[in-house]
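In: turn this into a structure:
(chains A and B)
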Amino acid sequence: MLHNLAVNYEEAIAMLLFVIGFANLLLQKNLIKKIIGLNIMDSAVYLFLALKGYIEGAAVPIVVNGITDKEAYINPVPAGLVLTGIVVSVSVSALMLSLTIRLYRRYHTLNLDEISMRLKKEGL
Amino acid sequence: MELIRNFPFFSIMIAMFSGPVCSVLPGKVARVVNACVIVIVGIMSAVLLGYLYVTGESFVYMMGHFPAPWGNEIRAGVLEAGMAMFFCIVMLLSVLGGIKKLFDEVVVSKHNLYYILVGLMLSSLLALVYTNDLFTAYVFVEINTISACGLIMIRENGRTIEAAVRYMIMSLIGSAMILLGICMIYDLTGHLLMSNIKESVAAMTAGGTYPEPLLCTIALMSVGLAIKCALFPFHSWLPDAYGYSTVSSAAILSSLVSKGYIFLLIKIIYRVIGFDVYKGSGVIDVMFIFGLAGMIFGSVSAIRESDVRRMIAYSSVAQIGYIFMGIGMGTQFGMVAAVFHILSHASTKSLLFISAIGLTDVSGGSRKFIELTGSGYRNRIAGLSFAIGALSMVGVPLFSGFISKLLFAEAAINLSGRMLPVFIVLGISTILNAIYFMKTVIRIYTPVDESPYPRAHMRQLPLYSMVLCAFVILNVVLGVMSDPIIGLIGQGLTMFD
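Out: Model prediction:
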């Protein structure tokens, strides 16, 4: 068990980062910290994916010297998936930040629990 | 006939591009364009359904020029086409039924923005239904989340923005888990297309390689999707999001968004993991238990609620529990019951939301039960439709809710170990449903001597009344003509393999 962790330490780090981001997104009260947690969590998945696509000693999958042997190149699909994922997470972070700005303008606080308490008092 | 095979692709694209087109149109024109798009997509899905029913075979549509292991694919079977058609009907009725409220609650200059979101929502739902590629499914899950967030916060006040933030937080946790699950299954199998993954997974389970990562993947994807459709312990965002957004959004969110995710989960179970492998994993038991818990706790929360919109929202938690119980039974019958309940709940819940808004409108805009007294007399059509929706939810014959409860009970017979819990919880949940829905129906039909609020007449609200009638008809059709529909669902599920 421990031996496996030591061999795949990169993946273990990615999972650790995922859990850190997950906990931040779920447990932090401050909205900005939540968004930071979200980005850590997404980046951890991309790290994991990029690691899986990387083969030690293999080159970028662009044929330049006429080498067409597939063993010479890494798998380009995970890189493409990471790029798509980054686009998605950027748009989601932008949306979250814009929501945060709206809430801050109304309530002058970033604490989500405090905002909920005030909403309950307003009794809308 | 070759043209019909393009229909899934056309419907996704038409719905998606209606969004950008609506952004440059004035609100009124955007509304017409949007309604036309939904109708066109619905007709195309109906034609596709007829074509697939006649040929009796599903087909795979190649996106671009690359064949199977590399390119992207769309797949259409009877169940997919039927579901797409049903989504279009419910979406059209929900949007039309809430138009008047949209005028009251959203500034006119923002109306075209609403139709962008509806277009995007429709296209992402269709893509979730039709896609044969897991990563495409993930991307459209995110598009679905973003447009759902917009639908919640289009009515801009503190409550809805807070609800949108809470919705986003839970949804993003769910989608990150789905993404991680997809990455892991891609590592294990080297494929992203569902059919290829299924072959590899079958080979892996036969060979006994990587059992733990496979279990982990199944758990991540199931739990991620369960969070996104508000299965019981993850439902904290739901009452605010459904209770305070504008009524069309609430109807769309409760009846379509969560159903799109559940449909994706069923697709993953059948077409990615394989039904037998999924059944063999412990995840299905967890789904079953949380489904049962949701049925009870959702109803208990609904009973304690004094706000009619929030009560209907909590009732959704219970109904999602029913669907997961059906999935968790681990038989074909259970799955048929779950799919039928998707249809039944979608048609009933949007009916309830839209009729409830008619009742609150004739009660001075208040949603508290005290104020609703006698509102069934002040707006007769809304009162009647609410009563019918409530009867359907409780499970009275003639209406769709009865059939789905019957199917769940039938599916549970002969199920060793699960029959007793299903029957007990089904019974308790039906009683709880009856308590809070009948309480509301009795309340709205309690006569008051002199009401301070004016009456609303059917002639003043022609569109609203028509929408409610259409919903009632849809509900009765599902309840009375259930046999062919159940047959189609069974055929569609067999086509999945």
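
In: what residues does the stretch 101-250 of chain B put near chain A?
Out: Residues of the stretch 101-250 of chain B lying close to chain A by C-beta under 8 Å from any C-beta of the partner chain are B:135, B:139, B:142, B:145-146, B:149, B:153, B:156-159, B:161-162, B:164-166, B:168-169, B:172-173, B:176, B:179-180, B:183, B:186-187, B:192, B:244. Glycine gets a C-beta too; all of them are placed from N, C-alpha and C.

In: drop anything exposed from those.
Out: Buried residues within those, defined by neighbour count using 16 or more other C-beta atoms under 10 Å in any protein chain shown: B:135, B:139, B:142, B:145-146, B:149, B:153, B:158-159, B:161-162, B:164-166, B:168-169, B:172-173, B:176, B:179-180, B:183, B:186-187, B:192, B:244.

In: how about the secondary structure of the nearest residue to residue B:148 once chain neighbours are set aside?
Out: Leaving aside its sequence neighbours, residue B:148 sits nearest to residue B:257 (C-beta to C-beta, 6 or more residues apart in numbering or on different chains; 5.1 Å). Here residue B:257 is recorded as helix under DSSP: H, G, I helix; E, B strand; the rest coil.

In: who are the neighbours in contact with residue B:257?
Out: B:121, B:125, B:144, B:148, B:229 (C-beta atoms under 8 Å, 6 or more residues apart in numbering or on different chains).

In: filter those residues down to the ones in helices?
Out: B:121, B:125, B:144, B:148 (DSSP state H).

In: next up, phi/psi of residue B:74, please.
Out: Here the main-chain torsion angles of residue B:74 (degrees, to the nearest 10) amount to phi -120, psi 140.

In: with adjacent residues omitted, what lies nearest to it?
Out: Using C-beta to C-beta, 6+ apart and skipping the chain neighbours, the partner closest in space to residue B:74 is residue B:61 (4.3 Å).

In: could you list every residue that touches that neighbour?
Out: By C-beta under 8 Å, 6+ apart, the residues touching residue B:61 are B:5, B:6, B:8, B:9, B:73, B:74, B:75, B:76.

In: please name the nearest non-neighbouring residue to residue B:79.
Out: Closest to residue B:79 by C-beta to C-beta, 6+ apart is residue B:492, at 2.5 Å.

In: residue 122: neighbour count?
Out: If you meant another chain, say so; for now it's chain A. For residue A:122, the neighbour count with other C-beta atoms under 10 Å in any protein chain shown is 10.

In: please refer instead to chain B.
Out: Per other C-beta under 10 Å, the neighbour tally for residue B:122 reads 31.

In: swap in residue A:97?
Out: 13.

In: for chain A, which segments count as helices?
Out: Using DSSP H, helices in chain A cover A:2-7, A:9-27, A:31-53, A:77-107, A:112-122.

In: what is the rounded mean pLDDT of the strand or helix carrying the residue nearest to residue B:79?
Out: Per DSSP states H and E: residue B:492 is located in helix B:482-495. Average pLDDT, helix B:482-495: 89.

In: and for stretch A:109-124?
Out: Rounded mean pLDDT across stretch A:109-124 is 83.

In: touching chain B at all, it?
Out: Yes - on the criterion C-beta under 8 Å from any C-beta, stretch A:109-124 is in touch with chain B at A:112, A:115, A:116, A:118, A:119, A:122, A:124.

In: these two touch, right, residue B:294 and residue B:315?
Out: No - contact between residue B:294 and residue B:315 fails when scored by C-beta atoms under 8 Å: they sit 11.1 Å apart.

In: and chain A, which residues reach chain B?
Out: So chain A meets chain B at A:18, A:21-22, A:25-26, A:31, A:34, A:38, A:41-42, A:45, A:48-49, A:52, A:77-78, A:81, A:84-85, A:88, A:91-92, A:95-96, A:99-100, A:102-103, A:106-107, A:112, A:115-116, A:118-119, A:122, A:124 (C-beta under 8 Å from any C-beta).

In: sorry, back to before: the contacts of residue B:257, buried ones only, as a PyMOL selection?
Out: One line in PyMOL is enough to select the buried ones among the contacts of residue B:257; burial here means 16+ other C-beta under 10 Å:
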select buried, chain B and resi 121+125+144+148+229
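
In: now pLDDT too, for the contacts of residue B:257, in CSV please.
Out: Below are the contacts of residue B:257 laid out as CSV (pLDDT from 0 to 100):
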residue, pLDDT
B:121, 93
B:125, 94
B:144, 94
B:148, 93
B:229, 88
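
In: among the contacts of residue B:61, name the buried ones.
Out: Of the contacts of residue B:61, these count as buried by 16+ other C-beta under 10 Å: B:8, B:9, B:73, B:74, B:75, B:76.

In: which ones among the residues you listed are found in strands?
Out: B:73, B:74, B:75, B:76 (DSSP state E).

In: tell me, what residue is most central in chain A?
Out: The centre of chain A sits closest to residue A:42, judged by C-alpha atoms, centre = their mean, with a distance of 1.2 Å.

In: contacting residues for residue B:82?
Out: Contact analysis of residue B:82 by C-beta under 8 Å, 6+ apart lists B:45, B:49, B:488, B:489, B:492.

In: scan chain B for its longest helix.
Out: Max-length helix for chain B by DSSP H is helix B:158-189.

In: that helix packs against which elements?
Out: Secondary structure elements in contact with helix B:158-189, counted by 3 or more C-beta pairs under 8 Å, 6 or more residues apart in numbering or on different chains; DSSP states H and E, are helix A:9-27, helix A:31-53, helix A:77-107, helix A:112-122, helix B:134-153, helix B:194-207, helix B:211-228, helix B:238-244.

In: 6 Å instead, please
Out: When contacts are defined as 3 or more C-beta pairs under 6 Å, 6 or more residues apart in numbering or on different chains; DSSP states H and E, helix B:158-189 sits against helix A:31-53, helix A:77-107, helix A:112-122, helix B:134-153, helix B:211-228, helix B:238-244.

In: deepest-packed of the ones you listed, please.
Out: helix B:238-244 (a mean of 25; mean count of other C-beta atoms under 10 Å in any protein chain shown).

In: ok, residues contacting that one?
Out: Residues from elsewhere that reach helix B:238-244, judged by C-beta atoms under 6 Å, 6 or more residues apart in numbering or on different chains: B:152, B:159, B:160, B:163, B:167, B:230, B:250, B:254, B:309, B:310, B:313, B:314.

In: average pLDDT across it?
Out: Across helix B:238-244, pLDDT averages out at 89.

In: from residue B:307, how far off is residue A:115?
Out: Distance of residue A:115 to residue B:307, computed by C-beta to C-beta, to the nearest Å: 20 Å.

In: my error: substitute residue B:54 in the last question.
Out: 49 Å.

In: neighbour count winner among those two?
Out: Each of residue B:54 and residue B:307 has its neighbours counted (other C-beta under 10 Å); residue B:307 has more, 17 against 9.
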